[in-house]
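Peer 1: would you be able to build a 3D model of this:
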Amino acid sequence: MTGMTGNVPYYGGRFTPAQAFAASHPSPRPAPPRPAQPRADPPNAAGPPRRDPLEALDHLLETGVVDQQEYEQLRARIAR
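Peer 2: Numbers count the residues shown, from 1 in each chain. Here you go, the predicted model:
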């Protein structure tokens, strides 16, 4: 009767040369995972953080991301 124990075959209670070698040379354990470190954003990647939503909306209008009509709609939503 044959079976598998670990990485080498098992033959009826006797060690094979492969089993003897594996028993005397255990494989190294994998290194534990490193703790996650916070990612540092590149400088000026997204610009300075804006705390005031109206200031951010003004910036979007100045840079042309939104037009005047969208600006008025968004400003009305923020004012609520």
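Peer 1: count the neighbours of residue 36 for me.
Peer 2: The local packing of residue 36 (other C-beta atoms under 10 Å) involves 6 other residues. C-beta: built from backbone N, CA, C; applies to glycine.
Peer 1: show the pLDDT at it.
Peer 2: Listed pLDDT for residue 36 reads 81.
Peer 1: tell me the phi and psi of it?
Peer 2: phi -70, psi 130 (degrees, to the nearest 10).
Peer 1: how close does it sit to residue 57?
Peer 2: Going from residue 36 to residue 57 by C-beta to C-beta, to the nearest Å gives 35 Å.
Peer 1: kindly report the same for residue 15.
Peer 2: For residue 15, the distance to residue 57 - C-beta to C-beta - is 76 Å.
Peer 1: more neighbours, these two?
Peer 2: Ranked by neighbour count (other C-beta under 10 Å), residue 15 and residue 57 place residue 57 first, with 19 against 13.
Peer 1: hang on, that one packs against residue 71?
Peer 2: Yes: taking C-beta atoms under 8 Å as the definition, residue 57 is a contact partner of residue 71 at 6.6 Å.
Peer 1: alpha carbons of the one helix or strand residue 56 maps to, as CSV, please.
Peer 2: Using DSSP states H and E, residue 56 falls within helix 53-63. Output in CSV follows, covering the C-alpha atoms of helix 53-63 (Å, rounded to 0.1, in the frame of the first residue of the first chain):
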residue,chain,number,x,y,z
PRO,A,53,-16.3,72.8,-0.6
LEU,A,54,-17.1,76.2,-2.1
GLU,A,55,-13.3,76.9,-2.4
ALA,A,56,-13.0,73.5,-4.3
LEU,A,57,-15.9,74.4,-6.5
ASP,A,58,-14.4,77.8,-7.3
HIS,A,59,-11.2,76.0,-8.3
LEU,A,60,-13.1,73.7,-10.6
LEU,A,61,-14.7,76.7,-12.3
GLU,A,62,-11.4,78.5,-12.6
THR,A,63,-9.7,75.5,-14.2
